[in-house]
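1. can't give you the sequence, but here's the structure:
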């Protein structure tokens, strides 16, 4: 959505979640959240512009995140595989552990 609005030359302002005391006072109703966001934008306390999701910085972020994501996925896959082996009935375990050359 941010990319589409930026392409259409619309001004976008990022609003962070309100402080904890403000959230506790008003509760977590969407109507109150929308009002707090509107007050932050109109009161000019929210002035952050969203980061561009393209260009050199985005490419560097992708290059940093991809290996970490792959390592996490590998660990999760190994954990699932190990759980299947451990949870399998004893007679079936050798079938799971065979390594083909």
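-> Great, that's in hand. Because the structure is a prediction, the values reported are computed rather than measured.

2. Where in this protein is the helix or strand with the lowest mean pLDDT?
-> Ranked by mean pLDDT, DSSP states H and E, the weakest helix or strand in the chain is helix 20-26, scoring a mean of 68.

3. how near is the residue lying farthest from the centre of the chain to residue 97?
-> Relative to the centre of the chain, the most outlying C-alpha is that of residue 91, 41.9 Å out, by Cα atoms, centre = their mean. Residue 91 sits 12 Å away from residue 97, going by Cβ to Cβ, to the nearest Å. For every residue, glycine as well, the C-beta is placed using N, CA and C.

4. now do residue 86
-> Using Cβ to Cβ, we find residue 86 at a distance of 11 Å from residue 97.

5. One more: residue 51?
-> According to Cβ to Cβ, residue 51 stands 47 Å off from residue 97.

6. These two: which is more packed in?
-> For residue 51 versus residue 97, the count of surrounding residues by other Cβ atoms under 10 Å is larger for residue 51: 12 against 9.

7. burial of residue 49, as a residue count?
-> The number of residues packed near residue 49 is 11, by other Cβ under 10 Å.

8. wait, it sits on residue 13?
-> Yes. Counting by Cβ atoms under 8 Å, residue 49 touches residue 13, with 6.9 Å between them.

9. Right, I'll leave it there.
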